[in-house]
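[1] Return a 3D structure for these sequence lines:
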Amino acid sequence: MKKLISLLLLISSIIYGQEKNYTLEIDYIYTLNFTNLSSIYQINTKLTFNNNESIYEMDHLNSFANYDNVVDVDDNIQLAIKSNENEFVFKSFKNNDVYYSDMISMKKFDIKSKLDTIMSWTLSSETKNILGYTCQKAVTEYGGRYYVAYFTSEIPIQNGPWRFHGLPGVILEVESADNVFAIRATIINSNTSNIKINNPFNTKTVIAWDTFLKIYKKKYDEVLRNSMSKNGPTQELAKEGIIVYIKD
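    Residues are numbered from 1 along each chain as shown. Predicted coordinates for the structure are as follows:
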């Protein structure tokens, strides 16, 4: 009976939250900590959202560290982590769409996926306090990595930084199980009534994620063949970065 009451209260709070109009900004610190990097790479990021849509901006132009466009971070991983422009992730909750960018050999592709196909979560009873909000633990696997996230149902919008989405509340912290990747909220600002959210991908040509993977695999095979024919099996296009592009 207690479990049933708790479930009904959670459902009621989610329904109430969806009826209430939200416009919020959350500042995060985005951290990469590959072992072969000379220092931890950190950038300021911002998540701005309302009940209908969301924009996440990664401030590469003012990042805390400077690297060349391609950095060797492991025997078979190369990672483009310094950009000459900021990176965006746009989500349309109404249309169930998410837009983002990814790279193939330093060429940027703009991608569109469905939000509900991105991540599947398992909830835990574990909680902790983040910025004054009670947050619940959840875990997921995405792109070859396992992630631990903490979300708060006190802000009951299914949203989070980067591509993270699908929990009954906003994600304030997420970290990969191997400690390579982390995003942590630093400031929550609710005084944002005049902020407008625009989709920066509206003027761009977008492709499906499956199409992107096919292009990546074709380019990977081409680069691998060329490198093997010249100087032996030297891999020049990574199988993975933050996510796995090519599975063995």
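[2] C-alpha coordinates for whichever strand or helix holds residue 125, PDB please?
    Take DSSP states H and E as the rule and residue 125 turns out to sit in strand 121-130. Once non-C-alpha atoms are left out, strand 121-130 reads as follows in PDB (Å, rounded to 0.1, in the frame of the first residue of the first chain):
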ATOM      1  CA  TRP A 121      17.000   4.200 -17.800                       C
ATOM      2  CA  THR A 122      16.900   2.000 -14.700                       C
ATOM      3  CA  LEU A 123      16.000   3.900 -11.500                       C
ATOM      4  CA  SER A 124      17.600   3.400  -8.100                       C
ATOM      5  CA  SER A 125      16.200   4.300  -4.700                       C
ATOM      6  CA  GLU A 126      19.500   6.100  -3.900                       C
ATOM      7  CA  THR A 127      19.300   9.900  -3.500                       C
ATOM      8  CA  LYS A 128      21.600  12.800  -2.800                       C
ATOM      9  CA  ASN A 129      21.300  16.600  -2.600                       C
ATOM     10  CA  ILE A 130      22.500  18.800  -5.500                       C
END
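[3] Start at 11, not 1
    All set: I'll call the first residue 11, so the last point we hit is now strand 131-140.
[4] Looking at the spatially closest residue to residue 183 that is not a sequence neighbour now. What's its pLDDT?
    Spatially, and ignoring its direct neighbours in sequence, residue 183 is nearest to residue 160 (4.5 Å; CB to CB, 6 or more residues apart in numbering). Every C-beta, even on glycine, is put in place using the N, C-alpha and C of the backbone. Per-residue pLDDT puts residue 160 at 99.
[5] Tell me the bridge partners for residue 160.
    residue 147, residue 183 (DSSP bridges).
[6] Just give me the longest helix of this structure.
    Scanning the chain for the helix with the most residues, using DSSP state H, yields helix 219-241.
[7] where along this protein do the strands fall?
    If you assign secondary structure with DSSP state E, the strands in the chain sit at 33-42, 51-60, 63-68, 81-84, 87-89, 97-102, 107-114, 117-124, 131-140, 143-152, 155-162, 180-186, 191-199, 216-218.
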